[in-house]
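Engineer: Let's see this in three dimensions:
(one chain, ligands or ions: 1)
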Amino acid sequence: MAVIKKTLAEIEEMKEAGRLSAAVLREVGKRCVPGVTTLELDEFAEDYIRSHGGIPTFKGYGGFPGSICASINEQIVHGIPSSTVRLKEGDIISIDTGATVNGWAGDNAWTFAVGKVAPDVKRLLDVTEKCMWAGISAARPGNRLGDIGHAVQSVARKAGFGVVRDYTGHGIGRNMHEDPAVPNFGLKHTGLKLEAGMVLAIEPMITMGTHRTHVMRDGWLVVTQDGKPAAHFEKTVAITSDGPVLVSNEPGRDRPID
Ligand code: MG
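Structural biologist: Modelled structure (predicted):
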């Protein structure tokens, strides 16, 4: 495993990409209302990224056609935007955005409620966000990779939710996906030693039922095997000697929406 560490100057450079991917995510989130299609969200996102000096990282990545991933309800990740998929009241939608600026990639996701959602679904969103923050807090020198996964998993388990194991977070830099893989489960004090200069995309995928997944026929869309809802939150985080630093936030914001 070759982890590419970044200097503090490089981490500063990465913040441009991180901020743009966070800004577009926030703007797309505002547009997740009943009646809108996921292709409309995608077109908005592509325009926004390009008009702010970025390149949509996802577009063409491994042949992916969209600038965002849009995954609704039981869909976990990698939903291809479509003109035939229309949001309705009570849906939840994971929007994943990637923006490349000056050769650095930024990667972010948030699951938005469309209108009013059922209380147990709202709880899934709250818990998954908490999982993400718990994982981020564990991203510090002296800890190991397993500490991040353990932190995420503990919050999910306590709430009675499933933790997707088939997909993970990842290192990020000049490439969107670098080593190491960052599982959302693990044992304390195990795995790769975390060091200053590592930049990770931490992205819990949490389910209301089984953690087991299924890939649909388009080869991209990942759904829960039992059809129960899933949520997904992601931020890009740099490990520094002072602890975790958010790379994917706009200045003054610690959430993409507020
Ligand atoms: Mg990611």
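Engineer: The ion contacts on the stretch 51-200 of the chain?
Structural biologist: Asp107 (C-beta under 5 Å from the ion). Every residue, glycine included, has its C-beta placed from N, CA and C.
Engineer: mean confidence score for stretch 214-229?
Structural biologist: Taken as a whole, stretch 214-229 has a mean pLDDT of 97.
Engineer: Which parts of the stretch 1-150 of the chain are strands?
Structural biologist: 55-56, 68-72, 75-77, 92-101, 104-113 (DSSP state E, counting those that start in this stretch).
Engineer: Residue of the stretch 1-150 of the chain nearest the ion, please.
Structural biologist: Across the stretch 1-150 of the chain, no residue is closer to the ion than Asp107, which sits at 4.2 Å (C-beta to the ion).
Engineer: and that residue, what does it touch?
Structural biologist: By C-beta atoms under 8 Å, 6 or more residues apart in numbering, the contact set of Asp107 is Ser21, Thr57, Asp96, Thr97, Gly98, Ile172, Met176, Ala201, Glu203, Glu234, Thr236, Ser248.
Engineer: Show me those residues that map onto helices.
Structural biologist: Ser21 (DSSP state H).
Engineer: and the contacts of Asp107 as CSV, adding pLDDT and neighbour count?
Structural biologist: Below are the contacts of Asp107 laid out as CSV (pLDDT from 0 to 100; neighbours: other C-beta atoms under 10 Å):
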residue, pLDDT, neighbour count
Ser21, 95, 33
Thr57, 97, 24
Asp96, 97, 25
Thr97, 97, 31
Gly98, 97, 32
Ile172, 98, 30
Met176, 96, 20
Ala201, 97, 26
Glu203, 98, 28
Glu234, 96, 27
Thr236, 95, 31
Ser248, 85, 29
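Engineer: of the contacts of Asp107, closest to Val164?
Structural biologist: Set against Val164, the nearest of the contacts of Asp107 by C-beta to C-beta is Glu203 (9.8 Å).
Engineer: in what helix or strand does the residue lying closest to Thr210 once chain neighbours are set aside lie?
Structural biologist: Once flanking residues are discounted, Thr210 sits nearest to Asp226: 4.7 Å by C-beta to C-beta, 6 or more residues apart in numbering. Remark: Asp226 resides in no helix or strand, with elements defined by DSSP states H and E.
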